[in-house]
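*Asks:* below is the structure, and that's it, no one-letter string:
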């Protein structure tokens, strides 16, 4: 389960390629290609720093005109999707 | 890397087995794709040249697959590509400079077709080019490529463009060089693979329509040769089927995926360690060339209409992106 306090990192088996502000991803083990739009590209670039989900959200809030609730919901949905496709690894928040 | 076995003449630099003991200097000289070839066997379609230092050599020899892969359709390392042809032979392509045909049952004519087709595609890929499964023509000094799988009408489309004043440039494989962000294409050979039916409708009239090989109705039809060896790539049309002729712009990601899908080397790329380079090449081409879907009914009686649509699209685009 992923939440604001989870940490995310990119799965190692990929090649990423910038394409006019968007991203093409090749998952090398499956041979499947994925296209990321400009917002997902922002998220993907932040994932390189192994951030907490809330850190990604705060960066998006600063970059895009979007309310906090919508941003959190859409971000979690995107990360769930990426996690399901094994493009990212999700690490649970350490116990408080 | 392992040396597979110690049979006579095994070159330790090729542990997966291109035997060199049958080596003879080839007697036939050709040029294609900006390269000079020296070949032990006569090759179809390619322009002949005088004897000169060769960029690549073609010969008959022995090709062995590595242990445990004897039944594989292909075997790939970063420097070598081996593949089976028609369950009757093997071709080994190495280091962008050597093609070895191991197919004793094929006469030179049939073996030569595999050389100018898949072996050449593999070799150009090894030389760092983005090789597209396409046919290409030149219009106003710029290259227009038609992308598609075998049987999708690439050569027929190119032949129709020739009838409207374009010059044929490449058939079936289009090698794109991406140096300096300005994509260029090297000229292949002045022949198109056409069936008798499409050839006659397109006005490539009375000739011998003996098929190239049994089971394939197409013939190599000679067309006017281009005077240029390399020209800029202007646009790429992805051939598709639909009810009526139309042209659709492709968004960048979809354009890149079409280039990936129709890459000649695609079957060899996965697990070869070359997929990163290939992905970057396809992505690099997208901003530099106009890539569009060309949808049309698969009907020869409409081919002229489709060619006119392409000509109008090229003129409207002003030959720049």
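*Replies:* Cool, the structure landed. These figures come from a predicted structure and were not determined experimentally.

*Asks:* get me the contact residues on chain A for chain B.
*Replies:* A:15, A:17, A:18, A:19, A:20, A:22, A:24, A:26, A:28, A:31, A:33, A:35 (C-beta under 8 Å from any C-beta of the partner chain). (C-beta placed from N, C-alpha, C; glycine too.)

*Asks:* got the contact list for the third one?
*Replies:* I take that to be residue A:18. Residue A:18 makes contact with A:41, B:283, according to C-beta atoms under 8 Å, 6 or more residues apart in numbering or on different chains.

*Asks:* what strands flank the helix or strand containing it, and is each parallel or antiparallel?
*Replies:* Counting by DSSP states H and E, the element that carries residue A:18 is strand A:14-19. Strand pairing for strand A:14-19, using DSSP bridges, gives strand A:22-27 (antiparallel).

*Asks:* ok, which stretches of chain A are helices?
*Replies:* Ranges of helices in chain A, per DSSP state H, are A:38-47, A:53-63, A:68-84.

*Asks:* the second one: which residues count as buried?
*Replies:* For helix A:53-63, the neighbour count (16 or more other C-beta atoms under 10 Å in any protein chain shown) marks A:53, A:56, A:57, A:59, A:60 as buried.

*Asks:* can you tell me the closest non-neighbouring residue to the last one?
*Replies:* Looking back up the chat, that one is residue A:60. residue A:71 (5.4 Å; C-beta to C-beta, 6 or more residues apart in numbering or on different chains).

*Asks:* thought that neighbour was touching residue A:61?
*Replies:* Yes - shown here, residue A:71 and residue A:61 form a contact pair, counting by C-beta atoms under 8 Å, at 5.7 Å.

*Asks:* just give me the closest of the buried residues of helix A:53-63 to chain B.
*Replies:* Nearest to chain B, judged by C-beta to the nearest C-beta, of these is residue A:60 at 20.9 Å.

*Asks:* count of residues packed around whichever residue of the stretch 101-250 of chain B sits closest to chain A?
*Replies:* Nearest residue of the stretch 101-250 of chain B to chain A: residue B:250, at 12.1 Å (C-beta to the nearest C-beta). Other residues near residue B:250 come to 18 when the count uses other C-beta atoms under 10 Å in any protein chain shown.

*Asks:* picking up where we left off before, redo the helices of chain A as TSV? Include mean pLDDT.
*Replies:* Supplementary listing: the helices of chain A in TSV, determined by pLDDT from 0 to 100:
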stretch	mean pLDDT
helix A:38-47	96
helix A:53-63	97
helix A:68-84	97
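
*Asks:* distance between the ends of stretch B:291-310?
*Replies:* 12 Å (C-alpha to C-alpha, to the nearest Å).

*Asks:* count of residues packed around residue 90?
*Replies:* You didn't pick a chain, so chain A it is. Other residues close to residue A:90 by other C-beta under 10 Å number 16.

*Asks:* my bad, the chain I had in mind was chain B
*Replies:* 20.

*Asks:* and what of residue B:255?
*Replies:* 25.

*Asks:* can I assume it sits in a helix?
*Replies:* Yes - assigned with DSSP: H, G, I helix; E, B strand; the rest coil, residue B:255 falls within a helix.

*Asks:* what score does it have for pLDDT?
*Replies:* pLDDT recorded at residue B:255 is 97.

*Asks:* nothing else from me, thank you.
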